[in-house]
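Engineer: Build me a model:
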Amino acid sequence: MKLTFKIVLDKRYKKGIDTYPLKVRVYCGSDYKEKSIDMFIRETDWDKVTQTVQPSCAEHKSYNVKILSVKSKVQKQLLLGELNDLNDALPEDIIKALTGEPVSKGRQDKPCIIRYGETIIKQLTTSGKVGNAFVYSCAVNKLKTFGGDRLPFENLNYKKLTEFQDSMLGEQIKVNTISVYMRTIRALFNRAIREGMIPATCYPFTAYRIRNEKTVNRTLSVKEMQSIVKIKLEPDTPIWHWRNYFVLSFCLIGINFADMLTLTNSNVVDGRIVFRRKKTGKIYTVLLHAKALDILSYYTDINDTEKNGLLLPVLKQTGDLVKLKTDTWQAIKTCNEYLVRIAKLKGVDIKKDISTYYARYTWANIARSSGYSKDIIGQALGHSYGNATTSIYLDDYDNKVIDEVNKKVIAAVYKTR
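Structural biologist: Sure, this is the predicted structure:
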């Protein structure tokens, strides 16, 4: 990020009755360093727009000459940095140059969290972990906007983290989104420390605590889910298809939407959907209930070439992992928009901002209200219990139990036995 500077009247420090010091302040994003230029004037004598002393001050001419000289020196240092391609120059380097203090040659070797983060993002993308790469990219870009693209790890201390948090709160960013950014930054610190890139003394999260807020309940009642299933929609319209996908997710025990949209014919094994969850790597196996088969039957006649071998005709391709991830997020966003529209239809009238997440939480809520234990529901959702000895999280006996639970949850919505 390019360095900028200005002359400021620092009203935090008063000298005498009504005078304040003038300082040169060099910025890199929101970070800055400053130095007094040994002049004290009244607030009424300062023009902050032109950064000059007004004629109301008896010494305004000599003061303005000195201010011009300081500006010239700073501009010279900035220009020298550009000419010598010193892209790592920091505000403190300019201030040191003004005082004649030598800039440490080793300063440019200070590990930069932005550059390190960008390296990790490339590694994640190359290894196919596009979702994680996106999360890291969001956090690093937000941090870059706040602190510049040459932010050393050691500069991101407790005070700076708190300022970063407050700046995001000022932008109306949700607390849990901020929490994701901060956890990502913490992960970069932990990894850099493990790799020996920075000393453990740089770690700021011993003092700084990451905040979280309880999320809004994202469940539908049986009656609300029934209204979505039963509402009459014009067949083969976008809103009809997106309702199908949401209900299919519900019938597949709240399968993650991204996982569902990338299911292929090879994921159908002996009347079950068998797939590996992208987020956790766990293998899931879900019996295809009759209602799920009804929905899938709408799409079986569509040419496989048009579907790219996928069960559902939503995504256009699967070769480019980055584009696939982008297309998946867009599909989820589109589905959420249609779900909000469905919620407002006459005969549905749900006063909630429904999203694809509701399929999973609603399934669990109905299972719980049907009398099933949290342990069984947790197993159905793929939560880990004990020491797994196989990558498949349910054995044959557990599959039968979960199949029965899913049958009863679906029956509660469709009022079947």
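Engineer: Can you classify the nearest residue to Met182 once chain neighbours are set aside by secondary structure?
Structural biologist: Once flanking residues are discounted, Met182 sits nearest to Ile210: 4.7 Å by CB to CB, 6 or more residues apart in numbering. In this view, the C-beta of every residue, glycine as well, is placed from N, C-alpha and C. Ile210 carries the three-state label coil when classified by DSSP: H, G, I helix; E, B strand; the rest coil.
Engineer: Near Ile210, how many other residues are there?
Structural biologist: Per other CB atoms under 10 Å, the neighbour tally for Ile210 reads 16.
Engineer: What values do phi and psi take at it?
Structural biologist: Ile210 adopts backbone torsions of phi -80, psi 130, taken as degrees, to the nearest 10.
Engineer: how near is it to Ser179?
Structural biologist: Distance from Ile210 to Ser179, counting by CB to CB, to the nearest Å: 5 Å.
Engineer: residues contacting the residue nearest to Met182?
Structural biologist: Contacts for Ile210 were tallied using CB atoms under 8 Å, 6 or more residues apart in numbering; they are Ser179, Met182, Arg183, Arg186.
Engineer: Was I right to think the second one contacts Leu161?
Structural biologist: This means Met182. Yes - using CB atoms under 8 Å, Met182 makes contact with Leu161 at a distance of 7.4 Å.
Engineer: okay, and the common contacts of the two?
Structural biologist: Tyr208.
Engineer: is it fair to say Lys33 lies in a strand?
Structural biologist: Yes - applying three-state DSSP, one finds Lys33 inside a strand.
Engineer: Could you tell me how many residues sit around it?
Structural biologist: Lys33 has 17 nearby residues by other CB under 10 Å.
Engineer: Could you do Gln330 as well?
Structural biologist: Neighbour count of Gln330, defined by other CB under 10 Å: 12.
Engineer: Equivalent analysis for Val222, please.
Structural biologist: Using other CB under 10 Å, Val222 has 16 other residues around it.
Engineer: ditto for Gly170
Structural biologist: By other CB under 10 Å, 8 other residues sit near Gly170.
Engineer: State the phi and psi torsions of it.
Structural biologist: Dihedral pair for Gly170: phi -70, psi -20, per degrees, to the nearest 10.
Engineer: Quick one: name whatever helix or strand follows the worst-scoring helix or strand of the chain on mean pLDDT.
Structural biologist: Here the helix or strand of the chain ranked lowest by mean pLDDT, DSSP states H and E is helix 304-307, holding a mean of 58. Heading C-terminal from helix 304-307, the first helix or strand you meet, by DSSP states H and E, is helix 321-343.
Engineer: residues of that following helix that come out buried?
Structural biologist: Using 16 or more other CB atoms under 10 Å as the burial criterion, the residues of helix 321-343 that qualify are 321, 324-325, 327-328, 331-332, 335-336, 338-339, 342-343.
Engineer: Could you do stretch 145-164 as well?
Structural biologist: Applying a neighbour-count criterion of 16+ other CB under 10 Å, one finds 145-153, 155-156, 160-161, 164 buried in stretch 145-164.
Engineer: Kindly indicate which of these lies nearest Ser373.
Structural biologist: Of all the buried residues of stretch 145-164, Leu161 has the smallest distance to Ser373: 41.2 Å, by CB to CB.
Engineer: Okay, and that closest one sits in which element?
Structural biologist: According to DSSP H and E, Leu161 maps onto helix 158-170.
Engineer: Could you identify the helix or strand that succeeds that helix?
Structural biologist: Where DSSP H and E defines the elements, the next helix or strand beyond helix 158-170 is helix 175-194.
Engineer: Can you check what angle separates whichever helix or strand comes after that next one from helix 321-343?
Structural biologist: Later in the chain than helix 175-194, the nearest helix or strand by DSSP H and E is helix 222-230. With axes from the mean of the first three to the mean of the last three CA atoms, to 10 degrees as the basis, helix 222-230 and helix 321-343 are set at 110 degrees to each other.
Engineer: starting at the chain centroid, how far to helix 222-230?
Structural biologist: Computed by CA atoms, centre = their mean, to the nearest Å, the chain-centroid distance of helix 222-230 equals 32 Å.
Engineer: helices or strands up against it?
Structural biologist: Using 3 or more CB pairs under 8 Å, 6 or more residues apart in numbering; DSSP states H and E, the elements in contact with helix 222-230 are helix 238-251, helix 357-369, helix 396-414.
Engineer: follow-up on the earlier one: could I get the helix holding Leu161 in CSV with only the CA atoms?
Structural biologist: What follows is helix 158-170, C-alpha atoms only, in CSV (Å, rounded to 0.1, in the frame of the first residue of the first chain):
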residue,chain,number,x,y,z
TYR,A,158,-3.3,-6.6,21.1
LYS,A,159,-3.9,-2.8,20.5
LYS,A,160,-3.9,-3.2,16.7
LEU,A,161,-6.2,-6.3,16.8
THR,A,162,-8.7,-4.3,18.9
GLU,A,163,-8.5,-1.4,16.5
PHE,A,164,-9.1,-3.8,13.6
GLN,A,165,-12.1,-5.3,15.3
ASP,A,166,-13.6,-1.9,16.1
SER,A,167,-13.1,-0.8,12.5
MET,A,168,-15.1,-3.8,11.3
LEU,A,169,-17.8,-3.2,13.9
GLY,A,170,-18.0,0.4,12.5
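Engineer: Could you give the average pLDDT over that helix?
Structural biologist: Model confidence over helix 158-170 averages 93 on the pLDDT scale.
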